[in-house]
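1. after the sequence you'll find the predicted model.
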Amino acid sequence: MSGGIDSLGAVAATAASGMRAQGDRLRVTAENVANAETRGTTPGADPYVRKLVSFEEMIDQSTGAALVRVGDPRMDPAPFGLEHDPSHPAADEAGYVKTPNVDPILEMANMREASRGYEANMNMFETARRMRDQMLDLLR
């Protein structure tokens, strides 16, 4: 079938892949927030490095639906901050400790965006499901 039920199944598959991708994005963002204060433990050691996610398109070979997935997380190249704390175990010779390149405000905005993206995909999934049910009712 080129239309009807199969098309609605493809819409549902696309929306479901979007929900999975936004869930993965939310997980990485939560990891960034959880490690926003994680510094090194040895002199001059690097702190936690913020992770970035990117979305990749893939095509479902069986339905032709365009799906989305999260690619491998990559490290944010933004520079680390510096904090003067000579008593910290990761302090360098000058007493500075590298701080993570995580901005909690930016991460909270990313969380909100991921949550809204998840919700939009969930609404699309539910709409496709209802339309599919209505079509089946009409065919009976």
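-> Ah, there it is.
2. by contact count, what packs against the helix or strand containing Asn110?
-> Using DSSP states H and E, Asn110 maps to helix 104-139. Other helices and strands packing on helix 104-139, by 3 or more CB pairs under 8 Å, 6 or more residues apart in numbering; DSSP states H and E, are helix 5-34. In short, each C-beta sits where N, CA and C put it, glycine included.
3. okay, and the beta partners of the closest residue to Val49 other than its chain neighbours?
-> Closest residue in space to Val49, ignoring its immediate chain neighbours: Met75 at 4.7 Å, by CB to CB, 6 or more residues apart in numbering. Beta bridges link Met75 to Lys51, judged by DSSP bridges.
4. and the gap between Met75 and Asp6?
-> Using CB to CB, to the nearest Å, one obtains 41 Å as the distance from Met75 to Asp6.
5. which residues of the protein score low on pLDDT?
-> Along the chain, the model assigns pLDDT under 70 to residues 1-5.
6. find the residue at the geometric middle of it.
-> Arg25 (0.9 Å; CA atoms, centre = their mean).
7. contacting residues around that one?
-> Val53, Val70, Asn110, Ala114, Gly117 (CB atoms under 8 Å, 6 or more residues apart in numbering).
8. ok, now Glu56?
-> By CB under 8 Å, 6+ apart, the contact list for Glu56 reads Val68, Arg69, Val70, Gly71.
9. now the buried members of the residues you listed.
-> Val68, Val70 (16 or more other CB atoms under 10 Å).
10. how long is stretch 78-95 end to end?
-> Using CA to CA, to the nearest Å, the gap from the first to the last residue of stretch 78-95 comes to 22 Å.
11. what comes up buried for that stretch?
-> For stretch 78-95, by 16+ other CB under 10 Å, it's Phe80, His88, Ala90, Ala91.
12. who touches stretch 58-68?
-> 6, 9-11, 13-14, 17-18, 21, 55-57, 69.
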